[in-house]
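# Any chance you can model this:
(one chain, ligands or ions: 1)
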Amino acid sequence: MTASIIDGKEFAARVRAKVAEHVTALKEQHGVTPGLAVVLVGEDPASQVYVRSKGKQTVEVGMASFEHKLNADTSEADLLDLIAKLNADPQVHGILVQLPLPDHLDSDLVINAIDPAKDVDGFHISNVGMLGTGQKSMVPCTPLGCLMMLRDHHGSLSGMNAVVVGRSNIVGKPMAQLLLGDSCTVTIAHSRSKDLPAICQGADILVAAVGRPEMIPGDWVRPGATVIDVGINRIERDGKTRLVGDVHFDSAAQVAGAITPVPGGVGPMTIACLLANTVTAACRAHGLPEPEGLTA
Ligand SMILES: Nc1nc(=O)c2c([nH]1)NC[C@@H]1CN(c3ccc(C(=O)N[C@@H](CCC(=O)O)C(=O)O)cc3)C=[N+]21
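Predicted coordinates:
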């Protein structure tokens, strides 16, 4: 069997088009321009590239983009001060603090200082709690993007065996919550799990989010399974820099029913969902109905 490719790049373009429609309606009918503030501390080159593309896409869908670039040695007090200002600014509906932060800053403290209603990453402790208890919340962008692709591919996920490999707060744990919410039987596995190949082989839906290049080979994949590869690993091969996922794509694509590529899979959906969350936050802030199909 050769897997069908789930084209995240194309799907993300459709999500952005939907976001743009909602932004136009919000502006024309309500005089509201959704705004996203992105805070970058330090000069990590990969983060800079990522922040730039977020800013560009934010403007392309008609939203306001506010970029705050702070020196690597910014104090916690100064960063908290900026967050307080953004929390109070009615033009800002979404706030994202780019992670990882420099070591001298406590990222839990910083994230929990964001107004949960503006926490478009869904990392604030109250959003985590609300997601876990099935209450309306802001949902982390990467798992939300994965869920959208899975729902689009399968329709209903009810009763399916889902295995999430990886237990991070930003992907593995919220992904498991979302799959549980869609009535999957969910297993969270990780690098210390006993007999990881056998666990993966039981998956109708396999989500790989471990951050280890090409760790999951095709013979861990159940024939016909849907494989969502969250990994974005930069490696050297044949003297060139390449991006690869956590799944060994060529062997997995021989076995899977459907698979997301890297690049062009989950990555573009993450940014599209950030824009979607910002529109959702703007609607909630103004007591307007939420956009359909853009939330979990
Ligand atoms: N508070 C916070 N929220 C985040 O969501 C967040 C963060 N911090 N810190 C950094 C990571 C990384 N991240 C990516 C999103 C999209 C691509 C993406 O679109 N990748 C392209 C390839 C890009 C390339 O060629 O380098 C793709 O997979 O096709 C990559 C990486 C979000 N992050």
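# Would you tell me which residues of the protein are close to the ligand?
Counting by CB under 6 Å from any ligand atom, the chain comes close to the ligand at 50, 96-99, 121, 141, 232, 243, 262-264, 267-268, 270-271. The way it works is simple: take the backbone N, C-alpha and C, and place the C-beta from them, glycine included.
# neighbours of residue 72, just the number please.
Number of residues near residue 72 (other CB atoms under 10 Å) recorded here: 12.
# before we move on, what about residue 88?
With neighbours defined by other CB under 10 Å, the count for residue 88 comes to 9.
# got the buried residues for stretch 253-262?
Residues of stretch 253-262 classed as buried: 253, 255-262 (neighbour count, 16 or more other CB atoms under 10 Å).
# Selection in ChimeraX covering whichever of the residues of the chain next to the ligand are buried, please.
Restricted to buried positions by 16+ other CB under 10 Å, the ChimeraX selection for these reads:
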select :50,96,97,98,121,141,232,262,264,267,268,270,271
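# In helices, which of the residues of the chain next to the ligand fall?
Of the residues of the chain next to the ligand, the ones assigned to helices by DSSP state H are 50, 141, 267-268, 270-271.
# Tell me the one among those nearest to the ligand.
residue 267 (2.2 Å; CB to the nearest ligand atom).
# Spatially nearest residue to that closest one (excluding sequence neighbours)?
The shortest distance from residue 267 to any non-neighbouring residue, by CB to CB, 6 or more residues apart in numbering, is to residue 232 (5.7 Å).
# Please determine how far the one you found is located from residue 144.
Distance, residue 232 to residue 144, using CB to CB, to the nearest Å: 17 Å.
# measure residue 203 to the ligand for me?
22 Å (CB to the nearest ligand atom, to the nearest Å).
# Provide the count of other residues in contact range of the closest residue to that residue other than its chain neighbours.
Spatial nearest neighbour of residue 203, chain neighbours left out: residue 163 (3.8 Å); criterion: CB to CB, 6+ apart. Using other CB under 10 Å, residue 163 is surrounded by 27 other residues.
# Now do the helix or strand hosting residue 163: which elements does it pack against?
Following DSSP states H and E, the helix or strand that holds residue 163 is strand 161-165. Here strand 161-165 touches helix 172-181, strand 185-189, helix 196-201, strand 205-208, going by 3 or more CB pairs under 8 Å, 6 or more residues apart in numbering; DSSP states H and E.
# Strand partners (parallel or antiparallel) of the helix or strand hosting residue 228?
When elements are assigned from DSSP H and E, residue 228 belongs to strand 226-229. With DSSP bridges as the test, strand 226-229 is paired with strand 205-208 (parallel), strand 258-259 (parallel).
# Adding mean pLDDT as columns, could you present those in a markdown table?
Output for the strands paired with strand 226-229, formatted as a markdown table (pLDDT from 0 to 100):
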| stretch | mean pLDDT |
| --- | --- |
| strand 205-208 | 99 |
| strand 258-259 | 98 |
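# Need those strands in a markdown table (columns: distance to residue 187).
Below are those laid out as a markdown table (distance: least, CB to CB, whole Å):
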| stretch | distance to residue 187 |
| --- | --- |
| strand 205-208 | 10 |
| strand 258-259 | 19 |
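# From the ligand, how far out is the closest residue in space to residue 158 that isn't next to it in sequence?
Nearest residue to residue 158, sequence neighbours excluded (CB to CB, 6+ apart): residue 183, at 4.1 Å. Distance of residue 183 to the ligand, given as CB to the nearest ligand atom: 27 Å.
# ok, back up a step: relative to residue 32, which of the helices and strands packed on strand 161-165 is closest?
The closest of the helices and strands packed on strand 161-165 to residue 32 is helix 172-181. By CB to CB, the value is 27.8 Å.
# For that closest one, buried residues please.
Counting neighbours by 16+ other CB under 10 Å, one finds that the buried residues in helix 172-181 are 172-179, 181.
# Pick the one among those closest to the ligand.
For the buried residues of helix 172-181, the nearest to the ligand is residue 174 (11.8 Å; CB to the nearest ligand atom).
# Give the burial count for residue 197, as a bare number.
With other CB under 10 Å as criterion, residue 197 counts 12.
# residues in contact with it?
For residue 197, the contacting residues are 219-220, by CB atoms under 8 Å, 6 or more residues apart in numbering.
# Quick one: name whatever helix or strand follows the lowest-mean-pLDDT helix or strand in the chain.
Sorting the helices and strands of the chain by mean pLDDT, DSSP states H and E puts helix 45-60 at the bottom, at a mean of 91. Next in sequence after helix 45-60, counting helices and strands by DSSP H and E, comes strand 64-70.
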